[in-house]
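*Asks:* here's my sequence, what's the structure:
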Amino acid sequence: MTLQSRLRDVESRLEQACLRSGRRREDVNVIAVTKYVSAGTAEAVVREGVTHIGENRWPNAKPKWDALKGQASFHYIGSLQTNKVKDIVGKFEFIHSLDRISLAEAIHKRAQALDVQVPCFLQVNVSGEESKHGLAPEEVISFIEKVKPFDRIRLIGLMTMAPFESEAESTRPVFRALRQLRDDLNAASALDEPLTELSMGMSNDFEVAVEEGATWVRLGTVLVGKEEMEEELS
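*Replies:* The predicted structure follows:
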């Protein structure tokens, strides 16, 4: 499949998922996860109208950021080490993986130095898998209280990764639980401004995530193509 045909297929699937769940298509944003492809492929994705780029390592992201700064918004979607924060804050518009106070402190300090504010998602390990990063759901409200003094961090929503399942429907409880957690936090007025965003859903399960309220889906293989990824990794 060509890039254009993959994009058309994803768009059709997104529209159908929104229709099934009574949502507006414009309320769901697509992040093209380009960590396994070249800057040229990332540029082609942006030319086709997908202007949100997801990366999880600065060395891999740098050539894409150099080529696309001003044309695309960059999202940091992987676990972020505190000593790498200096490379990310000021370049990436969003961080999807805030999950510990030491990281919050580092983001806040760097943002102060640059005089910027950083929109962040709290990463929540809804499934409880030991292999995944993130806060346990029951830790989130106390974590929010600890982050509140860091005024250079703007908490906008929650992020999670569901277990990889052969049947996408099996991921529904994870996505539903994240949405419910967000709604519970808002009902409890955990923050002065409500959390509006849910970053959840990847290539194998994004339609279910959209049906359960995702506002950002992170799509790699389904957009850039598995064959192309394998060629660029070889």
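*Asks:* surely Ser102 is in contact with Thr82?
*Replies:* Yes: counting by C-beta atoms under 8 Å, Ser102 does reach Thr82; the two are 5.4 Å apart. (Glycine included, C-beta is placed from N, CA and C.)
*Asks:* could you measure from Asp184 over to Gln123?
*Replies:* To Gln123, Asp184 is 17 Å away according to C-beta to C-beta, to the nearest Å.
*Asks:* okay, and the nearest residue to Leu68 once chain neighbours are set aside sits in which element?
*Replies:* In this structure, Leu68 finds its nearest non-sequential neighbour in Val46, 5.8 Å apart by C-beta to C-beta, 6 or more residues apart in numbering. Element membership for Val46, per DSSP states H and E: helix 39-47.
*Asks:* same question, Arg6
*Replies:* helix 3-21.
*Asks:* more neighbours, Ser102 and Thr82?
*Replies:* Thr82 (15 against 10; other C-beta atoms under 10 Å).
*Asks:* show me what contacts Thr196?
*Replies:* Ile156, Gly157, Thr215 (C-beta atoms under 8 Å, 6 or more residues apart in numbering).
*Asks:* now do the contacts for Phe143.
*Replies:* Contacts for Phe143 (C-beta under 8 Å, 6+ apart) come out as Ile101, Leu122, Leu135.
*Asks:* repeat the analysis, applying 10 Å as the threshold.
*Replies:* Counting by C-beta atoms under 10 Å, 6 or more residues apart in numbering, Phe143 makes contact with Leu98, Asp99, Arg100, Ile101, Ala104, Leu122, Val124, Leu135, Ala136, Leu155, Ala190.
*Asks:* torsion angles phi and psi at the second one?
*Replies:* Backbone dihedrals for Asp99, given as degrees, to the nearest 10, come out at phi -150, psi 10.
*Asks:* wait, doesn't it sit right on Gln123?
*Replies:* Yes: between Asp99 and Gln123 there is a contact under C-beta atoms under 10 Å: 4.4 Å.
*Asks:* tally of neighbours for the residue nearest to Leu68?
*Replies:* For Val46, the count of nearby residues is 19 (other C-beta under 10 Å).
*Asks:* re the thing from before, ok, so of the contacts of Thr196, who is nearest Glu130?
*Replies:* Gly157 (24.4 Å; C-beta to C-beta).
*Asks:* quick check: closest non-adjacent residue to the closest one.
*Replies:* In space, and not counting its chain neighbours, Gly157 is closest to Glu197: 2.7 Å by C-beta to C-beta, 6+ apart.
*Asks:* for Val224, same thing?
*Replies:* For Val224, the spatially nearest residue (C-beta to C-beta, 6+ apart) is Val37, at 5.0 Å.
*Asks:* which of the three states applies to that neighbour?
*Replies:* coil (DSSP: H, G, I helix; E, B strand; the rest coil).
*Asks:* and it, how far is that from Ala136?
*Replies:* With distances taken as C-beta to C-beta, Val37 is found 33 Å from Ala136.
*Asks:* next, the buried residues of the strand or helix carrying Asp66.
*Replies:* Under the criterion of DSSP H and E, Asp66 resides in helix 58-68. Within helix 58-68, the residues that count as buried by 16 or more other C-beta atoms under 10 Å are Trp58, Ala61, Lys64, Trp65, Leu68.
*Asks:* which two from the residues you listed end up farthest apart in space?
*Replies:* Longest distance between any two of these is 14.4 Å, between Trp58 and Leu68; criterion C-beta to C-beta.
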